[in-house]
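Student: predicted structure and sequence below. I'll ask about it afterward.
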Amino acid sequence: QVLLVESGGGLVQSGGSLRLSCARSGYTLDGYIIGWFRQAPGKEREGVSCIGTGDEGTYYSDSVKGRFTISRDYATAYLQMNNLKPEDTGVYYCQAVYAHSPRRLCRDYNDYVRRWGQGTQVTVSA
């Protein structure tokens, strides 16, 4: 597991867009499955979107499918969030881990993640 630094959060109106990024200076993301997670106040953390390497594909939770797009390059992972809704509000975290698949990481992250960074706050106003 590589502890990454998230950025790009902020306050946006409903229907707006934000692009989150995560990286760590001096590290590449080669070989890792990348996951974006979020935690809303009073709720459990959930896997939002995960992306593999090569042909492993991507996973999106039903709540963000069609609105969010995950991508990556050799050192940075991104989460493009469009048509944001108030229910997207929360702290967003990024992880780079060795996992079986993007789906497994997003749905069973407790099997793979031991530490969490500070995340980046996303607030969507109605």
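Tutor: Done, it's in.
Student: show me the contacts for Val124.
Tutor: For Val124, the contacting residues are Leu11, Val12, Gln13, Ser14, Gly16, Leu84, Lys85, Pro86, Glu87, Asp88, Thr89, by C-beta atoms under 8 Å, 6 or more residues apart in numbering. Yep, even glycine has a C-beta here, placed from its N, CA and C like the rest.
Student: what's the answer for Glu46, then?
Tutor: When contacts are counted by C-beta under 8 Å, 6+ apart, Glu46 touches Phe37, Arg38, Gln39, Ser61.
Student: 7 Å instead?
Tutor: Contact analysis of Glu46 by C-beta atoms under 7 Å, 6 or more residues apart in numbering lists Phe37, Arg38, Ser61.
Student: circling back: tell me which entries of the contacts of Val124 lie within strands.
Tutor: Among those, the members falling in strands (DSSP state E) are Leu11, Val12, Gln13.
Student: got the phi and psi for the residue positioned nearest the centre of the chain?
Tutor: The centre of the chain sits closest to Trp36, judged by C-alpha atoms, centre = their mean, with a distance of 1.5 Å. Per-residue torsions, Trp36: phi -110, psi 130 (degrees, to the nearest 10).
Student: right, and it touches Thr58 too?
Tutor: No. Trp36 is beyond contact range of Thr58, at 10.7 Å (criterion: C-beta atoms under 7 Å).
Student: so what sits against both of those two?
Tutor: The contact lists of Trp36 and Thr58 share Ser49, Ile70, where a contact means C-beta under 7 Å, 6+ apart.
Student: can you pick out the most distant pair from the contacts of Val124?
Tutor: Using C-beta to C-beta, the contacts of Val124 span at most 15.3 Å, a distance reached by Leu11 and Glu87.
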